[in-house]
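**Student:** Fold the following and give me the result.
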Amino acid sequence: MNYLQITHEDVCNGVGLRVVLWLSGCSHHCYNCQNPQTWNPDSGIQFDESAKQEIFTELSKDYISGITFSGGDPLHENNLDEVLFLKKLSGSILDILLKSVNHFQKMDYYQEVNSHQIYKRY
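**Tutor:** Numbering: from 1, shown residues only. Model (predicted):
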C-alpha cells in the first residue's frame, strides 16, 4: 500500500480534529475527480512501520476525534487489507470514516461501498 500524505489535525474531512491518511490507488477515475494524482497505486510513499507509528502517535492525542481514510480509494485492491488492519488496531475508541467514490462511509456496520466491494465489521 502506498500513501501520498498523512494530515494531522484536519477539520475538513469529518467531524472534529482528525488524522487523514491519503492513499494511492483508484480504479474509478471519476469525471472531475478532485485528486486524480492519487489514481496510480504505485505513486507516493510505501506505507511502512514508520507511517503506522506516525498515525498512532497522532491518534493517541486526546483532542483527536478520529481517522479518515481518503485518497484515491481506500478500498482499492492494493489498500484494502492494510486499511482493514488499521481499523482493527484502532479498536472502537475512535470515530473512523472512509471516503470512497465521493461518499463518506462510517466504518461501523456492514455496508455496500460500491458494486464490487463490501466492508465487513470485525
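**Student:** The residue positioned nearest the centre of the chain: what secondary structure?
**Tutor:** Central residue of the chain (Cα atoms, centre = their mean): residue 69, 1.4 Å from the mean position. Of the three states, residue 69 takes strand under DSSP: H, G, I helix; E, B strand; the rest coil.
**Student:** Enumerate every residue touching it.
**Tutor:** Residues near residue 69 by Cβ atoms under 8 Å, 6 or more residues apart in numbering: 20-21, 23, 83, 86, 96-99. Placement of C-beta: from N, CA and C, glycine included.
**Student:** Just among the residues you listed, which is most surrounded?
**Tutor:** For those, the largest number of neighbours (other Cβ atoms under 10 Å) sits with residue 23, at 28 neighbours.
**Student:** could you list every residue that touches that residue?
**Tutor:** Residue 23 touches 1-4, 38, 44, 69-74, 76, 79, 83, counting by Cβ under 8 Å, 6+ apart.
**Student:** And the closest residue to it other than its chain neighbours, how close does it get to residue 61?
**Tutor:** Spatially, and ignoring its direct neighbours in sequence, residue 23 is nearest to residue 71 (3.7 Å; Cβ to Cβ, 6 or more residues apart in numbering). Counting by Cβ to Cβ, to the nearest Å, the separation of residue 71 from residue 61 is 23 Å.
**Student:** neighbour-wise, which of the two wins?
**Tutor:** Each of residue 71 and residue 61 has its neighbours counted (other Cβ under 10 Å); residue 71 has more, 28 against 11.
**Student:** That one is in contact with residue 25, isn't it?
**Tutor:** Yes. Assessed by Cβ atoms under 8 Å, residue 71 is found in contact with residue 25 at 6.8 Å.
**Student:** Between these two, which contacts overlap?
**Tutor:** 38, 79.
**Student:** Roughly how far does the residue nearest to the centre of the chain sit from residue 31?
**Tutor:** Distance from residue 69 to residue 31, by Cβ to Cβ: 23 Å.
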